[in-house]
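Student: Model the structure of this input:
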Amino acid sequence: MSNDGHSQATVGCPLSGPYAGLRAVLATMHGKEAAIVPAFQEQLELTVEIPSAIDTDTLGTFTGEIARAGTIREAAIAKARLGMAATGLSIGIASEGSYGPHPHVPFIPGGVELMVLVDDERGIVVSEHLIDDAPVYEHAIAAEIGDLGAFLDHIRFPDHAVIVRPNEPDDRGALIHKGLRTAEALESALATSAPRSRDRRALVQTDMRAHMNPTRMASIARLARALCDRLATLCPACSAPGYGQIDVETGLPCAWCGAPSIMVRQQIFGCAACEFHEGRPRSDGRTHADPGHCPECNP
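Tutor: Just a heads-up that it's a prediction; the model follows:
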């Protein structure tokens, strides 16, 4: 523990970089430090502290009791600033996730994980995100545990916890059982929730809180590494940390007719601190689009 009452990680082999030897706070109450802290220690030599008492659920919950305000990025920034206010540190880290239909592929579930570093000393916010193509994010409707065998196998229960609530809640108010990781707890929650549903069934969902979903935790760990890579990259113009991709430009020429397609033509890289930006060719080296993506050849 640090002498201000916060748990503190220690730094290993010293490195050099824009955050070497500094201190930051990670705002989490769901065990994300296991996935996030190692990357910041090893890649940036940044000491990360975890507030011992912080309620990030006040900014929104996966189960909907508290709605998240603003965009996913705004919510992550607000969470980082919650930790900064609790510790007085000028650097804050936080992550936020959103799960539902896949953002690019129809009919399958997907997720977006976003992580930010707020640096008030430099006056910058650096963010990175990833698309989770294979989350453990499912639900089932059941009256009893015997109806859930295939579902529980599919989501790898009990490694991945579940949430149970009435499927069609009656007028007796919200009833949500979270973090269920035993058959006994699940059976008890079903017995309590189903009678309080108009259809006498319960909604069983994967618990998407990071400490209850190891697949999501692994995605957060990958994202932490990517954000640290970005923070270690300095702007060519002003040397501020966090230089990286900020946008894309479409219009890759069609292989048949040469007209601009809807595919990405180049990636736009930019700085978090100044206006410098540049276009770079696609990372896969592709120079022409399939005619199926061309409005002229495939209207």
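Student: Could you check how far the residue most central in space within the chain is from Glu128?
Tutor: In the chain, the centroid-proximal residue (Cα atoms, centre = their mean) is Glu113; its distance is 2.2 Å. As judged by Cβ to Cβ, to the nearest Å, Glu113 and Glu128 stand 9 Å apart. Every C-beta, even on glycine, is put in place using the N, C-alpha and C of the backbone.
Student: got any residues that touch both of these two?
Tutor: Common neighbours of Glu113 and Glu128, using Cβ atoms under 8 Å, 6 or more residues apart in numbering, are Leu223.
Student: quick one, phi psi at Arg196?
Tutor: Note on Arg196: its backbone torsions stand at phi -100, psi 10 [degrees, to the nearest 10].
Student: re the thing from before, check whether the residue nearest to the centre of the chain really touches Ser95, as I assumed.
Tutor: Yes: counting by Cβ atoms under 8 Å, Glu113 does reach Ser95; the two are 6.5 Å apart.
Student: Give me the common contacts of those two.
Tutor: Both Glu113 and Ser95 are contacted by 220, 223, under the criterion Cβ under 8 Å, 6+ apart.
Student: Enumerate the beta-bridge partners assigned to His139.
Tutor: Here His139 sits in beta bridges with Gln205, going by DSSP bridges.
Student: That one contacts Ala202, correct?
Tutor: No: using Cβ under 8 Å, His139 is not in contact with Ala202; the gap is 10.5 Å.
Student: These two: who's more crowded?
Tutor: Taking other Cβ atoms under 10 Å, His139 and Ala202 do not tie; Ala202 has more neighbours (31 against 14).
Student: how close does Asp147 sit to Ile141?
Tutor: Taken as Cβ to Cβ, the span from Asp147 to Ile141 is 8 Å.
Student: quick one: the residue nearest to the centre of the chain is in a strand?
Tutor: Yes: assignment of Glu113 by DSSP: H, G, I helix; E, B strand; the rest coil places it within a strand.
Student: what residues are up against it?
Tutor: For Glu113, the contact set (Cβ under 8 Å, 6+ apart) comprises 95-97, 129-130, 132, 216, 219-220, 223.
Student: got the phi/psi numbers for the residue lying closest to Glu33 once chain neighbours are set aside?
Tutor: Counting by Cβ to Cβ, 6 or more residues apart in numbering, Glu33 lies nearest to Ile50, which is 5.2 Å off, once chain neighbours are set aside. The phi/psi pair for Ile50 (degrees, to the nearest 10) reads phi -120, psi 120.
Student: Ile50 contacts Val25, correct?
Tutor: Yes: using Cβ under 8 Å, Ile50 is in contact with Val25, at 7.5 Å.
Student: higher neighbour count, the two?
Tutor: The neighbour comparison of Ile50 against Val25 (other Cβ under 10 Å) goes to Val25, with 27 against 22.
Student: what does the helix or strand where the more buried one lies contact?
Tutor: Val25 belongs to strand 23-26 when elements are defined using DSSP states H and E. Residues external to strand 23-26 that are found in contact with it (Cβ under 8 Å, 6+ apart): 6, 32-33, 36-37, 40, 46-51, 80, 83-84, 86-87, 89, 91-94, 117.
Student: Let's see if you can find the most crowded of the contacts of Glu113.
Tutor: Counting neighbours by other Cβ under 10 Å, the top entry in the contacts of Glu113 is Ser95, with 29 neighbours.
Student: That one touches Ile36, doesn't it?
Tutor: Yes: using Cβ under 8 Å, Ser95 is in contact with Ile36, at 7.0 Å.
Student: Name the residues contacting each of these two.
Tutor: Counting by Cβ under 8 Å, 6+ apart, the residues touching both Ser95 and Ile36 are 28, 115, 220, 224.
Student: Quick one, which of the residues you listed has the minimum pLDDT?
Tutor: The member of the shared contacts of Ser95 and Ile36 with the lowest pLDDT is Thr28, at 93.
Student: ok now do it, which residues does it touch?
Tutor: Counting by Cβ under 8 Å, 6+ apart, Thr28 touches 36, 50, 54, 56, 94-95, 210.
Student: I figured Cys274 was touching Pro236, is that so?
Tutor: No: Cys274 is not in contact with Pro236 according to Cβ under 8 Å; the separation is 10.1 Å.
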